[in-house]
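Participant: Only the shape, not the letters, is given here:
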């Protein structure tokens, strides 16, 4: 037994030692049945049997069949000669039971060159089936002599090779040709030819990804322990198994305890073939937020393949949030623009210009770019409204040559968390009722000094004045200048760094993670009680001054309508009177003192004639109005025994109330637009369980 252990231990170093060891004579095979082998046959001259493999369907683990490659076999592909094929031979079956697997049934793809359709690929004599491999119901077969003509005027073609993957028991197929591109390089594509051999590998994300090509160490979550970043620039992203993308990846290992690391946090590139992760450089705390940052090189990234450098910022919650991409750098414009390599080598962590911010070096061809870090200005901004509910009856402000107006104060504070010299100026823009402007409505509030809805201010922040505040007086326009009193008044503040007055070769920037937009809302005091929510109770009654109409006469009639509000204030209240086909509108009765004389307007609404009268904004609680509308009723020849005036009283509500269907609306038999089938109505139901 001792001698046997000696022979086995030397097997890894000397293969001849194993062959000559007499104790291992039993390893020679003796139980393969050689008398009556199972034989499968294929077409003559097809090189049937050039490649073989076993196949086990994913739906039947007890059955194993045979796959045989025949790289010179003819197929049913139109116009293709000796494309090659892979045959499925069931076990156990007769010699002629093999059948072709339809990986590809199409002809050559074509393109137009000078008005003539010419092939862009060449599948004849491509030797499909020269290599075949299977794994758990999946099959890959390749054609190493497949030729491709890059989309260009030249008719040159190159053997790039291609492969097909069959999944789901030959129910789905996908092509994978890693060497085929559309780039018409002068050198062609002859340096890459796929498909001479093929195999499956274990599912490992780092397999053949050049894991470890770049390594860097820095503390990214501020816990005082170093973390490790590992680059894998050839990492393949496999969201779609048939179309993997080489995008590159960086793995971050956080040190939880001495020499104990967390599961990796992955940063995945977005540029195909960009080699993200080729270089990794700790930068120190570039943005001065208390956490170190890192630069990652992607030397072939971008549409022009010139390269990119991506800056990631550290944070306390790297484990759950990951690193945040804050900036993507590209090569400056030089005579070498268009050539790849920007970001192939990186260095950082040193402050070249002594501005307290570490800088970064980027290698690009024969050049070395120094990317200096700009000072970061963090601003804490606040907008203050006094008061937030504006009473239209509280009139304490005078406009030049106008009456007393209702007004209130608005201001904003800004605190700079970084004190620089020279001090940065902040450009602040304040917009009043800005949502009304976006929707084309009337601005309800204006600045007192300019009578405009926007104002631009400039603030200087520095060592001696870290906080600055500007305040303005704003007034509410007269009630007859706008109607909307229910919608909140939106106020917006935008700020940015102003152009420096002093010549600065490296101006500061605002913090990437700070919001430069603030908004707040003010409200108009309503006739709605303490809660400022209106619940009106509108009632309507009507009478007509005659009961009989004579055919052929003018038939002047007056419709007297009484509107009553028994609840709280109703805003933008309107009386809608639908005119019947037999009548015409004359006007408002103005000779009777007991009747109100509102503004009434004749309108066409949804192809219906209507009189719309303004009853008040608001129609305050307890209001009772009577309106007289005059009509002429002449077209009675086709009228029935009576005519009707339809009356409605409307007000604005939030959410709005919609009455369907619209008056006189009927669906079209053959609708051609949305209005022909009626408006869209969306119902939202909330169901609560009562226990």
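Facilitator: Happy to help now that I have it. Quick caveat, the model's predicted, so the values are computed rather than measured.
Participant: so how far is residue 173 from residue 148?
Facilitator: 19 Å (CB to CB, to the nearest Å). From N, CA and C alone the C-beta is placed, and that goes for glycine too.
Participant: Those two: who's more crowded?
Facilitator: Neighbour count, other CB atoms under 10 Å: between residue 148 and residue 173, residue 148 has more, with 23 against 17.
Participant: So what pairs up with that one in the strands?
Facilitator: residue 121, residue 158 (DSSP bridges).
Participant: do you know how far it is from residue 155?
Facilitator: From residue 148 to residue 155 the distance is 12 Å (CB to CB).
Participant: now swap in residue 92 and tell me
Facilitator: Taken as CB to CB, the span from residue 92 to residue 155 is 50 Å.
Participant: Okay, strands next: where are they in the stretch 151-300 of the chain?
Facilitator: Here the stretch 151-300 of the chain has its strands, by DSSP state E, counting those that start in this stretch, at 158-159, 162-167, 172-176, 214-218, 227-232, 236-237, 245-246, 249-253, 255-257, 260-261, 265-268, 279-284, 293-298.
Participant: Of those strands, which is nearest residue 136?
Facilitator: Relative to residue 136, the nearest member of these by CB to CB is strand 162-167, separated by 10.0 Å.
Participant: Next, the buried residues of that closest one.
Facilitator: Neighbour-count burial for strand 162-167 flags 162, 163, 164, 165, 166, 167 (criterion: 16 or more other CB atoms under 10 Å).
Participant: Repeat that for stretch 101-108.
Facilitator: So, applying 16+ other CB under 10 Å, buried residues of stretch 101-108: 101, 103, 104, 108.
Participant: correct me, but the second one touches residue 141?
Facilitator: Yes: counting by CB atoms under 8 Å, a contact exists between residue 103 and residue 141, whose distance comes to 6.3 Å.
Participant: Looking at the buried residues of strand 162-167, which is nearest residue 388?
Facilitator: residue 167 (62.7 Å).
Participant: Which helix or strand in the chain has the lowest average pLDDT?
Facilitator: Least confident helix or strand, the chain: helix 15-20 with a mean of 32, by mean pLDDT, DSSP states H and E.
Participant: Quick one: name whatever helix or strand follows it.
Facilitator: strand 51-56 (DSSP states H and E).
Participant: centre of the chain versus that following strand, how much separation?
Facilitator: 44 Å (CA atoms, centre = their mean, to the nearest Å).
Participant: Return the set of buried residues in the next helix or strand along the chain from that strand.
Facilitator: Using DSSP H and E, the helix or strand that directly follows strand 51-56 along the chain is strand 64-70. Within strand 64-70, the residues scored as buried using 16+ other CB under 10 Å are 65, 66, 67, 68, 69, 70.
Participant: Likewise for stretch 222-236?
Facilitator: For stretch 222-236, by 16+ other CB under 10 Å, it's 227, 228, 229, 230, 231, 232, 233, 234, 235.
Participant: Quick check: the fifth one touching residue 275?
Facilitator: Okay, so that is residue 231. No: using CB under 8 Å, residue 231 is not in contact with residue 275; the gap is 9.1 Å.
Participant: overlap in contacts of these two?
Facilitator: residue 248 (CB atoms under 8 Å, 6 or more residues apart in numbering).
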